[in-house]
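Q: Here is my input, please return the structure:
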Amino acid sequence: MFVFGSKRDVLERAAGLAGLLRSRGVRRGHVVAIDLPQGIDLVAVYVAVLLLGGVPSIMVSRSPKLTPQRHRELLA
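A: Got it, this is the predicted structure:
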């Protein structure tokens, strides 16, 4: 089961992450690949990208069959 903190917790984390993403060049319309396990961090990053006007793209969980090289190719 996927459980995370309150809406306030998510928004506070998202606001902080949005500042970090902005400082790293994320702007409106940018596609941001998110490769995190399910949890509050995934939700917070997703919301942070939306707050910046970006387009969040959640990567499918890494499969043990997926080689590191193929994973990099999918992110490119």
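
Q: element containing S57, please.
A: strand 55-58 (DSSP states H and E).

Q: just how off-centre is that strand within its chain?
A: 7 Å (Cα atoms, centre = their mean, to the nearest Å).

Q: per-residue confidence averaged over it?
A: Average pLDDT, strand 55-58: 92.

Q: quick one, strands of the protein?
A: For the chain, applying DSSP state E gives strands covering 31-34, 55-58.

Q: Give me the buried stretch members for the last one, please.
A: Of the residues in strand 55-58, those buried by neighbour count under the rule 16 or more other Cβ atoms under 10 Å are P56. Every C-beta, even on glycine, is put in place using the N, C-alpha and C of the backbone.

Q: Direction included, what does it pair up with?
A: strand 31-34 (parallel) (DSSP bridges).

Q: Now tell me what touches the partner strand from outside.
A: 21, 26, 42, 45-46, 49, 54-59, 75 (Cβ atoms under 8 Å, 6 or more residues apart in numbering).
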